[in-house]
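K.L.:
The following comprises the amino acid sequence and a computationally predicted model.
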Amino acid sequence: MPEPIRIAALAGATLSTGLTAGLFFAYTCSVMPGLAVTDDRTLVGAMQSINRKILNGWFLAAFLGAVLLIALAAALHLPHGGPVPGWTVAALVGYLVTLGVTMGVNVPLNDQLDAAGPVDRIADLAAVRERFEATWVRWNLVRTISSSFAFACLIAALLTRRG
């Protein structure tokens, strides 16, 4: 495979992974702490709205594109040896953790929150919040760490690749 294609795959993987890690980091250090000090109605309503709006082409391209580009970068660099394949495989493992946590924990919690119905019609907002918030925050921290790990590995791959 020509070098420019290998570089483009690695650069695209790094960019999309960095965008995703940054999104999860923003939730970890600002969105969820900010919502934590609000009332039940505000947290539930805000998260319902956010969870609907995040399902858009920009997010999905970065979130799902990252895993595809990391796998492509790993496959394209594997035959050439050196440190890049190891870094990209480590990044892939880290990002697969991110995907697993997202699909196995955070998305089901988002779906449960949505299934509770419109915030104006929820009889026990405190219970809905209780079932959602602490677990979602804890697992978002895991995916913040795993996606940041993947991003750091891809930066290492870029810095250690041979021309």
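P.N.:
Received the coordinates, thanks.

K.L.:
drop to CA atoms for contacts and neighbour counts, all remaining ones
P.N.:
Noted.

K.L.:
Rounded mean pLDDT for the helix or strand hosting residue 19, please.
P.N.:
Using DSSP states H and E, residue 19 sits in helix 3-26. The pLDDT scores in helix 3-26 average 97.

K.L.:
residues in contact with that helix?
P.N.:
62-63, 65-70, 72-73, 76-77, 95, 140-141, 143-145, 147-148, 150-151, 154-155, 158 (Cα atoms under 8 Å, 6 or more residues apart in numbering).

K.L.:
hey, C-alpha coordinates of stretch 90-104 in PDB?
P.N.:
Taking C-alpha atoms only, stretch 90-104 is exported to PDB below (Å, rounded to 0.1, in the frame of the first residue of the first chain):
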ATOM      1  CA  ALA A  90      -3.000  -1.100  21.300                       C
ATOM      2  CA  ALA A  91      -5.100   1.800  20.100                       C
ATOM      3  CA  LEU A  92      -7.600  -0.600  18.600                       C
ATOM      4  CA  VAL A  93      -7.900  -2.500  21.900                       C
ATOM      5  CA  GLY A  94      -8.400   0.700  23.800                       C
ATOM      6  CA  TYR A  95     -11.000   1.900  21.400                       C
ATOM      7  CA  LEU A  96     -12.800  -1.500  21.400                       C
ATOM      8  CA  VAL A  97     -13.100  -1.000  25.200                       C
ATOM      9  CA  THR A  98     -14.700   2.400  24.400                       C
ATOM     10  CA  LEU A  99     -17.100   0.900  22.000                       C
ATOM     11  CA  GLY A 100     -18.000  -2.000  24.400                       C
ATOM     12  CA  VAL A 101     -18.700   0.300  27.300                       C
ATOM     13  CA  THR A 102     -20.700   2.700  25.100                       C
ATOM     14  CA  MET A 103     -22.900   0.000  23.500                       C
ATOM     15  CA  GLY A 104     -23.000  -2.200  26.700                       C
END
